[in-house]
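In: Quick one, structure for this:
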Amino acid sequence: MPIVAQSTETADWVSRFADDVIEESERRAPGKPVVVASGLSPSGPIHLGNLREVMTPHLVADEIRRRGYRVRHLISWDDYDRYRKVPAGIAGVDESWAEHIGKPLTSVPAPKGSAHPNWAEHFKAAMVASLAELGVEFDGISQTEQYTSGAYREQILHAMKHRGDIDAILAQYRTKPKAAKKQQKPLDEAELEAEEGSGAASEDDGSSGSAGYFPYKPFCGNCEKDLTTVTAYDDDSTELTYACTACGFSETVRLSEFNRGKLVWKVDWPMRWAYEGVIFEPSGVDHSSPGSSFQVGGQIVGIFGGKQPIGPMYAFVGISGMAKMSSSRGGVPTPADALKIMEPQLLRWLYARRRPNQSFKIAFDQEIQRLYDEWDKLAAKVADGSALPGDVAAYTRAVGTAAGELPKTRRPLPYRTLASVADITAGHQDQALRILSELDPADPLGSLDEARPRYDRAEAWINTHVPADQRTIVREEPDADLLKSLDEPSQQSIRLLLDGLRDHWSLDGLTHLVYGVPKVQAGFSADATPKELPPEIKTAQRSFFALLYHLLVGRDTGPRLPTLLLAVGQERVRALLGE
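Out: Predicted coordinates:
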């Protein structure tokens with residue numbers, strides 16, 4: 001193993017896990033690559049909760065690579081899992097897919113119109129594309145390929161030979177009642193689906209009929225389903241007889257030559273730990289409760305001559321605004337959904353800045369603007385050297401990997417500004433460029449490409465996650481009735497604004513102007529700070545802003561006024577304000 005290069009950041013959770021994983025790897029497998037693992041079931045859209053299964057070991061593996069070690073991050077695609085149910089809200093999929101329940105995911109047709117050969121490949125492809133965009137380097141392992149090629153044949157025969165030992169371990173937990181889960185708050189249907197995981201954790205642990213316990217499930221040679229029961233097995237000849245309860249088919253096969261079946265989940269997972277030499281793998285809540293697969297696997301792995309990986313239990317990832325979203329989609333958002341409205345760096349940062357056992361939310365509603373503000377402030381602090389070490393570590397892990405920095409926006413203008421511009425211009429890129437180029441007259445934007453991909457993400461958010469009744473539509477004609485009804489102070493405030501437009505036509509200038517008008521009207525300097533002003537100035541500012549919104553867009557709220565004024569354009573602003 002190479003000499004350890006000291007990590008530049010030691011205060012964050014990733015570095016601490018990396019220390020432990022390196023130490024454990026040197027103890028178990030000196031001189032070999034460090035192996036970390038994730039497992040994903042492409043049984044439907046792979047959501048943002050599942051992404052934590054990947055990002056936790058990815059971040060640790062990347063830190064180990066930065067220190068000069070060789071690392072393998074395995075992603076086991078559990079595409080040989082049974083098709084459990086027809087997921088709701090998937091285009092082109094109806095209840096006719098229920099006839100495939102019980103088949104391997106790779107034997108189920110892809111949704112209608114898909115370019116992929118089967119169900120598993122369809123949902124795997126979307127995740128692979130997202131992981132590439134996120135800079136996640138991994139070795140993918142198809143469990144269909146592993147089982148059907150006979151790669152696990154010796155492990156299967158070994159499990160069958162030691163089925164009594166496996167059964168004894170599992171029996172310790174079968175009769176123990178599960179503790180009722182305390183629910184802090186009611187969850188909507190989509191959140192329950194997110195907590196459910198792939199479903200593997202709830203699968204049975206093997207058949208235990210009159211012929212005894214067997215940790216292996218054949219897929220039926222007639223209907224392809226796993227609704228089978230092993231009725232006889234001979235250790236010497238490896239002859240196995242099974243019957244299918246779905247179609248009535250039965251046959252006798254030689255397990256030493258048979259490749260159409262798999263170990264049950266609670267045996268399959270620890271078998272793979274031993275087979276791959278996994279050192280680090282996190283586990284979700286559904287796999288970590290007493291008697292569940294991670295705990296039981298820690299005992300069963302010894303039967304295969306291996307050890308349980310080290311790794312944390314990771315907490316739930318929530319979605320801000322999910323209830324609104326799931327009602328139309330029928331499911332929880334995926335990484336691809338998130339990457340349509342946010343840059344990869346921001347999504348990486350959300351996973352990097354929280355310890356695995358801390359829950360957090362990913363914003364699809366207005367909260368995304370605040371998250372981007374926080375991200376930009378952090379970037380500024382990192383640049384000027386004022387950020388805390390742990391924050392620097394999270395930022396560094398977000399913007400790149402050991403292989404280099406991720407592609408980024410050349411001019412990262414504020415997300416909320418870009419969203420407002422995209423909202424107001426409604427897809428007219430020449431208008432968007434005009435407004436954005438006026439934000440900073442001293443350094444005007446020369447092309448929208450300079451603001452991409454952030455501009456495209458903000459535009460996608462406006463178009464897909466902001467309800468129509470909250471979109472901004474600038475008035476075509478002045479509100480003559482409102483203008484006529486204005487009292488003298490309101491008319492004066494409009495005149496002060498109009499008089500200052502030409503000299504303040506930039507984002508900073510207009511910000512100073514719209515906040516300054518109520519100050520000047522009250523007899524204070526436009527430069528007066530909040531500490532120098534009485535509380536009623538804030539009330540006057542809010543009233544002035546509401547008046548401008550009504551005159552410009554017919555509502556009492558809207559995008560930030562300086563951005564709105566730039567977007568409307570100076571001549572049109574003057575017309576709508578009655579000049």
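In: CA only for contacts and neighbour counts going forward, please
Out: Noted.
In: And whichever helix or strand F545 is part of, what does it pack against?
Out: Secondary structure from DSSP states H and E places F545 in helix 536-553. Counting contacts by 3 or more Cα pairs under 8 Å, 6 or more residues apart in numbering; DSSP states H and E, helix 536-553 is packed against helix 507-521, helix 570-576.
In: Next, the buried residues of the first one.
Out: Same thing as helix 507-521. For helix 507-521, burial by neighbour count (16 or more other Cα atoms under 10 Å) applies to 507, 509-511, 513-521.
In: Helix, strand, or coil at L74?
Out: strand (DSSP: H, G, I helix; E, B strand; the rest coil).
In: Would you mind naming the residues that bridge with it?
Out: Beta-bridge pairing of L74 under DSSP bridges involves A37, D139.
In: burial measure for it, as a count.
Out: 22 (other Cα atoms under 10 Å).
In: do R66 as well
Out: 18.
In: Is it in contact with G400, as I believe?
Out: No - counting by Cα atoms under 8 Å, R66 stays clear of G400, with 11.1 Å between them.
In: rewinding a little: for the buried residues of helix 507-521, which two are the farthest from each other?
Out: Spatially, the most separated pair among the buried residues of helix 507-521 is L507 and Q521, at 21.9 Å (Cα to Cα).
In: On the three-state scheme, the residue lying closest to K381 once chain neighbours are set aside is what?
Out: Excluding its sequence neighbours, the residue lying closest to K381 (Cα to Cα, 6 or more residues apart in numbering) is A387, at 4.9 Å. Secondary structure for A387, judged by three-state DSSP, is coil.
In: Does A387 touch W375 like I think?
Out: No - in this structure, A387 is not within contact of W375 by Cα under 8 Å, at 11.9 Å.
In: Overlap in contacts, those two.
Out: Counting by Cα atoms under 8 Å, 6 or more residues apart in numbering, no residue touches both A387 and W375.
In: Output the lowest mean pLDDT helix or strand found in the chain.
Out: helix 189-196 (a mean of 40; mean pLDDT, DSSP states H and E).
In: Any buried residues in stretch 482-494, and which?
Out: By 16+ other Cα under 10 Å, the buried positions in stretch 482-494 come out as L483, S490, S493, I494.
In: tell me the contacts of K161?
Out: D235.
In: With distance to S96 and pLDDT as extra columns, can I get the buried residues of helix 507-521 in CSV?
Out: Output for the buried residues of helix 507-521, formatted as CSV (distance: Cα to Cα, whole Å; pLDDT from 0 to 100):
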residue, distance to S96, pLDDT
L507, 56, 87
G509, 61, 93
L510, 59, 93
T511, 58, 94
L513, 62, 95
V514, 60, 95
Y515, 61, 95
G516, 64, 95
V517, 65, 95
P518, 65, 95
K519, 67, 94
V520, 70, 94
Q521, 70, 94
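In: Nearest to P104 among those residues?
Out: Nearest to P104, judged by Cα to Cα, of those is L507 at 57.3 Å.
In: For L576, see how far away the closest one is.
Out: According to Cα to Cα, to the nearest Å, L507 and L576 sit 20 Å apart.
In: pLDDT weak spots in this structure?
Out: Where the chain drops to pLDDT under 70, the residues are 1-11, 175-204, 207-209, 286-288, 290, 322-331.
In: Next, the contact list for the residue lying farthest from the centre of it, please.
Out: Going by Cα atoms, centre = their mean, the residue of the chain most distant from its centre is E488, 53.2 Å out. Residues near E488 by Cα under 8 Å, 6+ apart: none.
In: make it 10 Å
Out: Listed by Cα atoms under 10 Å, 6 or more residues apart in numbering, the contact set of E488 reads I494.
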